[in-house]
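Student: I'd like to go over a predicted model; first the sequence, then the structure.
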Amino acid sequence: MTELLQSVTYGHLLPAAHSLLEAHTSNTKAHLIATGAAMEALARKFGGDPETWQVAGMLEAMLRGIKAPPELLGDIRAHYASRFGAQYPLNTMLRKCLYCVDELTGFIIAVTLVRPSKKIADVEVSSVKKKLKDKTFARQVDREQIKKCEELLAIPLDEFIQLTLEAMKKVAGNIGL
């Protein structure tokens, strides 16, 4: 399997990606926009193409509707490692980042929604880490997948949360937080 998206760009798909998001429910839409924003920030950190990584973070299974290349679908499927890991291994930085950040963006949205203000501007890294320790909070979130950032991305959990949180704050208006 080729490791495209490390050097190929698909930023031209961003307008179509945003159009697809308009057709989804607000919760799903917020998660996908947040994941796209976080992936864009991670691309800047790890030297990837920001728009390509943003597309990968935003679209997940919806790409067939815009005739996305199979390579992009493979990169997106890789973040479902338990389901597609053998076929789409975590063998590129884009795939590793998407694998780790997908669970984190959803978790940060949940943390935001239980705050009195329901504003992501009020969420801090310490708030996210505290909720990560509470196994009863958002129990469907795979905390181990989030913590894999230390191994797969070679960055501390605090830095990973901070980078993701800052990216999500930049799109707060778009995600209703």
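Tutor: Looks like it arrived, so ask away. Numbering: from 1, shown residues only.
Student: mind checking the SS state of the residue in the chain sticking out farthest from the centre?
Tutor: Most distant from the centre of the chain: residue 116, at 24.7 Å, with distances by CA atoms, centre = their mean. Under DSSP: H, G, I helix; E, B strand; the rest coil, the three-state class of residue 116 is coil.
Student: Please look at residue 13 and residue 55 and confirm they touch.
Tutor: Yes - counting by CB atoms under 8 Å, residue 13 touches residue 55, with 4.9 Å between them. All C-beta spots, glycine's among them, are computed from the backbone N, C-alpha and C.
Student: Show me whatever sits in contact with both of the two.
Tutor: residue 72 (CB atoms under 8 Å, 6 or more residues apart in numbering).
Student: Those two - which one has more neighbours?
Tutor: Neighbour count, other CB atoms under 10 Å: between residue 13 and residue 55, residue 55 has more, with 29 against 23.
Student: Kindly state the pLDDT recorded for that one?
Tutor: Per-residue pLDDT puts residue 55 at 84.
Student: can I get the CA coordinates of the helix or strand it falls within in PDB?
Tutor: Here residue 55 sits within helix 50-59, counting by DSSP states H and E. Extracted as PDB, the C-alpha positions of helix 50-59 are listed here (Å, rounded to 0.1, in the frame of the first residue of the first chain):
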ATOM      1  CA  PRO A  50      -2.600  21.400   6.500                       C
ATOM      2  CA  GLU A  51      -5.500  21.300   4.100                       C
ATOM      3  CA  THR A  52      -5.000  17.700   3.200                       C
ATOM      4  CA  TRP A  53      -4.900  16.700   6.800                       C
ATOM      5  CA  GLN A  54      -8.000  18.800   7.500                       C
ATOM      6  CA  VAL A  55      -9.900  17.000   4.800                       C
ATOM      7  CA  ALA A  56      -8.900  13.700   6.300                       C
ATOM      8  CA  GLY A  57     -10.100  14.700   9.700                       C
ATOM      9  CA  MET A  58     -13.400  16.200   8.600                       C
ATOM     10  CA  LEU A  59     -14.700  13.600   6.200                       C
END
